[in-house]
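Trainee: Below is the sequence, then the predicted model.
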Amino acid sequence: MADNVVLNAGSGGSTLAADDITSVLYQRVKLVEGADGVNDGDVSAANPLPVELRDADGTAAADITSIKAAVELIDNAVSGTELQVDIVAALPAGTNAIGKLASNTGVDIGDVDVLSLPASTNTIEVVGDAAENAAVAGNPVLSGGRYDLTPRTLGDGDVGAIALDADGAVQVADGGNSLTIDGTVTANLSATDNAVLDNIQTSVDSIAAAVSTEMQVDVVAALPAGTNAIGKLAANTGVDIGDVDVLSVAGTVTVDGSAVIQPVSGTVTANLSATDNAVLDNIQTAVDTVAAAVSTEMQVDVVGSLPAGTAAIGKLAANSGVDIGDVDVTSQPARARATDTISAAIATDAIMSDSTALTPKFVNISTAASGDTALVAAVAAKTVRVLSLSVFAFGTANTLYFNDGTASVFADATNKIPIDKTGAAGAGGFVLAFNPLGHFQTAAVNRPININLGAAQGVTGCMTYVEV
């Protein structure tokens, strides 16, 4: 059962608000404030319902204001999840641990920051574990002692203060022995020693810059004349001085083969005469022209008419059976209908739409249902086009039209086609003969073809269509 009730449902009365709870309707009622005969407005968040607290005997509770004030005071004293307390007077004297700390030996009062010590030896004695060295009582640890000139004598297991001089430096004495130092010791050289060390560093850097894997030397003056191999090459027959590039030769170099073929390594340049050079240039030009005309076969431009001949290519008239390839017919002579005709046969397997072949499909019509009956179901991305149609009545008078579920495509709901088997109210049927262009089609793709009968009287027929 739904919520709400319509009053006088037979004539469409007003709707009464109600709530359906387990199939029982409970009337919904709005609260209105105000005394008798007065409307102070509907109860809402902006106009709440006044409520008065009363005691068990029905009298008004007089102490509500006091309770409210006390609760507000407590609420103001609470921060987060804890109550805030102000200590407004000094803590009283007492003997408890928090009241008097003097006799609280053994009582843990937490961490303490020592801000000053009384004037004495300025040392702190920390009592260690006597079991560590039974011969040494207390195992004291001292820190920060002032150095003096009198060495101190410590017994086995004793610990003395760290001796500091007036500048706060730690004094270390080897007692006549050597000291071993771990880490790095920095020696402060004098200004003179530092200058010498800087000069040495500069010289070493200069030498290092001149050396890679061998010493680099710049020869800044001519080598002196000498008789050694490097000094004088004239008498160095048989001394290998490495490869030499001959940049120029005075005169002509004559090679005497003495009737023997001489092998030559490298390139030999022959200087042709001007006449020979001109001939070679002409040959190069002619070869370039031929190369430009050749791809994988020789390209030829026919610049004149072919001569008349009887060969197949010369005269095509007698070339029956010779395949000359595809030919585009760009024009035809005027034809006489009586003598120049071309016969064409209608194909029964397809209807052409431009270059697309459309297969004809067939429907048997037999229905007696009033309203829409689908003859062809919707086809995705296709329009259904009707090429031929026949419909005949086998019942009494009827009216019909065709639609695509959205739009009328042959007749319509206002102007229907009348048919009557008896002929009293219309023809017994009708035929739309084959039309390759189509009689009608769906107004858009993906729509069916429906026949709509005005009465539940039987009709029969057939239909041919294509999907475009």
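Mentor: Perfect, thanks for sending it. Numbering: from 1, shown residues only.
Trainee: Double-check that Ala278 belongs to a helix.
Mentor: Yes. Assessed with DSSP: H, G, I helix; E, B strand; the rest coil, Ala278 lies in a helix.
Trainee: now the helices for the stretch 201-350 of the chain?
Mentor: Assigned by DSSP state H, counting those that start in this stretch, the stretch 201-350 of the chain shows helices spanning 274-293.
Trainee: Straight-line length of stretch 3-11, end to end?
Mentor: Using Cα to Cα, to the nearest Å, the end-to-end distance of stretch 3-11 comes to 20 Å.
Trainee: now swap in stretch 412-422 and tell me
Mentor: Across stretch 412-422, first to last residue, Cα to Cα, it's 23 Å.
Trainee: what's in contact with that stretch?
Mentor: Contacts to stretch 412-422, defined as Cβ atoms under 8 Å, 6 or more residues apart in numbering, come from residues 391-401, 403, 411, 425-430, 452, 454, 459. To be clear about C-beta, it is placed using only N, CA and C from the backbone, and glycine gets the same treatment.
Trainee: Now which of those would you call buried?
Mentor: Restricting the contacts of stretch 412-422 to buried positions leaves 391-393, 395, 397-401, 403, 411, 426, 429, 452, 454, 459, with burial counted as 16 or more other Cβ atoms under 10 Å.
Trainee: And the residue nearest the centre of this structure?
Mentor: Nearest residue to the geometric centre of the chain (Cα atoms, centre = their mean): Ala381, 34.5 Å.
Trainee: From the buried ones among the contacts of stretch 412-422, pick the one nearest Pro224.
Mentor: The nearest member of the buried ones among the contacts of stretch 412-422 to Pro224, counting by Cβ to Cβ, is Asn403 at 121.1 Å.
Trainee: so what's the closest one up against?
Mentor: By Cβ under 8 Å, 6+ apart, the neighbours of Asn403 are Asp372, Val409, Asp412, Asn450, Asn452.
Trainee: if we go to 10 Å?
Mentor: Residues in contact with Asn403, defined by Cβ atoms under 10 Å, 6 or more residues apart in numbering, are 372, 409-413, 442-443, 447-452.
Trainee: For the stretch 51-200 of the chain, just list every one of the strands.
Mentor: Per DSSP state E, counting those that start in this stretch, the stretch 51-200 of the chain carries strands over the ranges 78-79, 82-83, 145-146, 163-164.
Trainee: tell me the most buried of these?
Mentor: Among these, judged by mean count of other Cβ atoms under 10 Å, the one packed with the most neighbours on average is strand 163-164 (a mean of 16).
Trainee: Can you tell me which helices and strands it packs against?
Mentor: In this structure, strand 163-164 makes packing contacts with strand 145-146, judged by 3 or more Cβ pairs under 10 Å, 6 or more residues apart in numbering; DSSP states H and E.
Trainee: pLDDT weak spots in the stretch 1-150 of the chain?
Mentor: 1, 9, 12, 58-65, 91, 94-107, 109, 117-150 (pLDDT under 70).
Trainee: related to what we said a few turns ago, quick check, nearest of the buried ones among the contacts of stretch 412-422 to Ile162?
Mentor: So of those, ranked by how close each gets to Ile162 (Cβ to Cβ), first place is Asn403, at 112.9 Å.
Trainee: Which pLDDT value belongs to the closest one?
Mentor: For Asn403, the model assigns a pLDDT of 98.
Trainee: what's the answer for Glu297, then?
Mentor: Model confidence at Glu297, given as pLDDT, is 74.
Trainee: give me the number of residues near it?
Mentor: Other residues within reach of Glu297, judged by other Cβ atoms under 10 Å, total 7.
Trainee: so how far is Pro224 from it?
Mentor: 76 Å (Cβ to Cβ, to the nearest Å).
Trainee: ok, how many other residues are close to Asp372?
Mentor: As a burial measure, Asp372 scores 14 neighbours (other Cβ under 10 Å).
Trainee: tell me the SS of it?
Mentor: Secondary structure, three-state DSSP: Asp372 is strand.
Trainee: And it, how far from Asn271?
Mentor: From Asp372 across to Asn271, the span is 102 Å (Cβ to Cβ).
Trainee: Same check on Thr289?
Mentor: On the measure of Cβ to Cβ, Thr289 and Asn271 end up 27 Å apart.
Trainee: Between those two, which is the more surrounded one?
Mentor: Taking neighbours as other Cβ under 10 Å, Thr289 and Asn271 compare with Thr289 leading, 9 against 6.
Trainee: Report how many residues lie close to Cys462.
Mentor: Applying other Cβ under 10 Å, I find that Cys462 has 15 neighbouring residues.
Trainee: Confirm that it sits in a strand.
Mentor: Yes. The assignment for Cys462 by three-state DSSP puts it in a strand.
Trainee: Got the confidence number for it?
Mentor: pLDDT at Cys462 comes out at 98.
Trainee: Any idea what it is bridged to?
Mentor: Beta bridges link Cys462 to Asn364, Ser390, judged by DSSP bridges.
Trainee: so it sits right up against Val386, yeah?
Mentor: No. Taking contacts as Cβ atoms under 10 Å, Cys462 lies outside contact range of Val386: 11.1 Å.
Trainee: overlap in contacts of those two?
Mentor: By Cβ under 10 Å, 6+ apart, Cys462 and Val386 have these common neighbours: Val363.
Trainee: OK, contacts around the closest residue in space to Pro418 that isn't next to it in sequence?
Mentor: Excluding the flanking residues, the one nearest Pro418 by Cβ to Cβ, 6 or more residues apart in numbering is Gly426, at 3.4 Å. The neighbourhood of Gly426, defined by Cβ under 10 Å, 6+ apart, consists of Ala393, Ala397, Asn398, Thr399, Lys416, Ile417, Pro418, Ile419, Asp420.
Trainee: can you put the residues you listed in CSV and add secondary structure and pLDDT?
Mentor: As requested, the contacts of Gly426 are exported to CSV (DSSP: H, G, I helix; E, B strand; the rest coil; pLDDT from 0 to 100):
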residue, secondary structure, pLDDT
Ala393, strand, 95
Ala397, coil, 90
Asn398, strand, 95
Thr399, strand, 96
Lys416, coil, 96
Ile417, strand, 96
Pro418, strand, 96
Ile419, strand, 96
Asp420, coil, 93
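Trainee: if we take the residues you listed, which one ends up nearest to Gln201?
Mentor: Nearest to Gln201 among the contacts of Gly426: Lys416, at 117.5 Å, using Cβ to Cβ.
Trainee: nearest residue to the closest one other than its sequence neighbours?
Mentor: Closest to Lys416 by Cβ to Cβ, 6+ apart is Thr399, at 3.7 Å.
Trainee: What's opposite that neighbour in the beta bridge?
Mentor: As for beta bridges, Thr399 partners with Pro418 under DSSP bridges.
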